[in-house]
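Undergrad: Need coordinates for the following:
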Amino acid sequence: MLVLLLLAAAPFPVEKFDPEKLLAEDEYVGRPLRELTLMRNIVYAKAHNPFRRKWLNAWFSKQKWYEPWEKKDDSLVSSTAAQNATMLANYEAMLPIEELTKRRDVVRARVKAAGGKVSPEDDIELRLLSVRFGGWAGEGPAPADLNALEDPSKLDKLLKLGDLDDYSPRDLKLLRNAVFARRGRPFKTPMVQGHFATVSWYKPDPAYKDARLTEIDKKNVQLILSLEQKLRPEKDEPPDQFYGAA
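TA: Numbering: from 1, shown residues only. Below you'll find the model as predicted:
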């Protein structure tokens with residue numbers, strides 16, 4: 001039943017998404033996180049965005065129309081395309097824990113039915129769900145190569161620049177926020193609140209102070225921020241806008 005509910009025929013395959021046509025709600029509600037991520041990033045791929053995330057780069061590199069430039073051309077992102085990206089991001093950020101749990105159980109059931117074999121699509125879905133849960137969403141031992149968004153315990157140690165190779169600017173900001181979230185920092189903006197509301201370990205504390213940050217925390221924040229500034233040096237945007245970005 002869960003599979004039927006979540007996989008009720010999508011109006012079109014992801015490859016056919018036209019970011020210049022305003023999405024209707026039934027065109028994105030219920031789609032897997034992988035498809036939502038792809039649709040949101042099609043907006044930026046059309047503007048020649050180079051993708052740091054390996055799975056996104058691999059998918060877009062197979063699209064005949066995709067031509068990455070050194071940096072994306074924001075002037076090519078129309079108001080309609082930007083609105084679609086925002087709608088997709090809003091929907092994803094506000095998915096409640098109950099819905100994410102149903103999605104996780106659907107993937108787990110599919111993997112079990114396949115004798116434990118995980119398809120590339122389901123592997124990506126489990127990774128994206130792991131980010132939302134703040135820990136491995138699959139069954140059995142977690143893969144050794146989970147990143148610090150999928151396994152925040154990796155933030156207990158000093159990060160190296162190479163550890164951040166697979167992070168988009170959006171991922172980096174989420175990771176930087178995760179450092180503070182682990183110490184109980186409450187968040188003020190709706191989409192960041194929505195994101196961390198489903199993280200199992202997150203306990204916001206109104207009495208939070210930055211003094212709770214360890215020396216490792218501070219150094220990790222500094223490293224993440226330095227890379228963010230290098231990748232997006234002139235960004236002055238509303239606090240939540242990054243969530244719908246590439």
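Undergrad: Tell me who's in contact with Asp171.
TA: By CB atoms under 8 Å, 6 or more residues apart in numbering, the residues touching Asp171 are Arg53, Leu149. C-beta here means a position set from N, CA and C on the backbone, and glycine is covered the same way.
Undergrad: could you point out which element follows the helix or strand it falls within?
TA: Following DSSP states H and E, one finds Asp171 within helix 169-181. Once helix 169-181 ends, the next helix or strand along the chain (criterion: DSSP H and E) is helix 190-197.
Undergrad: relative to helix 169-181, how tilted is that following helix?
TA: Angle between the axes of helix 190-197 and helix 169-181 is 60 degrees (criterion: axes from the mean of the first three to the mean of the last three CA atoms, to 10 degrees).
Undergrad: Centre of the chain to helix 190-197, how far?
TA: 12 Å (CA atoms, centre = their mean, to the nearest Å).
Undergrad: Could you identify the helix or strand that succeeds that helix?
TA: Per DSSP H and E, the helix or strand that comes after helix 190-197 is helix 215-231.
Undergrad: for that following helix, what is the average pLDDT?
TA: For helix 215-231, the mean per-residue pLDDT is 96.
Undergrad: what packs against it?
TA: helix 169-181 (3 or more CB pairs under 8 Å, 6 or more residues apart in numbering; DSSP states H and E).
Undergrad: Buried residues in stretch 203-214, which are they?
TA: Across stretch 203-214, burial judged by 16 or more other CB atoms under 10 Å covers Leu213.
Undergrad: Same check on stretch 102-120?
TA: So stretch 102-120, judged by 16+ other CB under 10 Å, has buried residues Arg103, Arg104, Val106, Val107, Arg108, Arg110, Val111, Val118.
Undergrad: now, which of the residues you listed lie within helices?
TA: The helices, defined by DSSP state H, take in Arg103, Arg104, Val106, Val107, Arg108, Arg110, Val111 from those.
Undergrad: State the distance from the first one to Lys62.
TA: Right, the one you point to is Arg103. According to CB to CB, to the nearest Å, Arg103 stands 25 Å off from Lys62.
Undergrad: C-alpha coordinates for the helix holding Asp171, CSV please?
TA: Extracted C-alpha coordinates of helix 169-181, given in CSV (Å, rounded to 0.1, in the frame of the first residue of the first chain):
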residue,chain,number,x,y,z
PRO,A,169,27.2,25.2,-1.5
ARG,A,170,23.7,24.3,-0.2
ASP,A,171,25.1,21.2,1.5
LEU,A,172,27.9,23.2,3.0
LYS,A,173,25.5,25.6,4.6
LEU,A,174,23.5,22.8,6.0
LEU,A,175,26.6,21.1,7.3
ARG,A,176,27.7,24.4,9.0
ASN,A,177,24.3,24.6,10.6
ALA,A,178,24.6,21.0,11.7
VAL,A,179,27.6,21.9,13.8
PHE,A,180,25.6,24.4,15.7
ALA,A,181,22.5,22.1,15.8
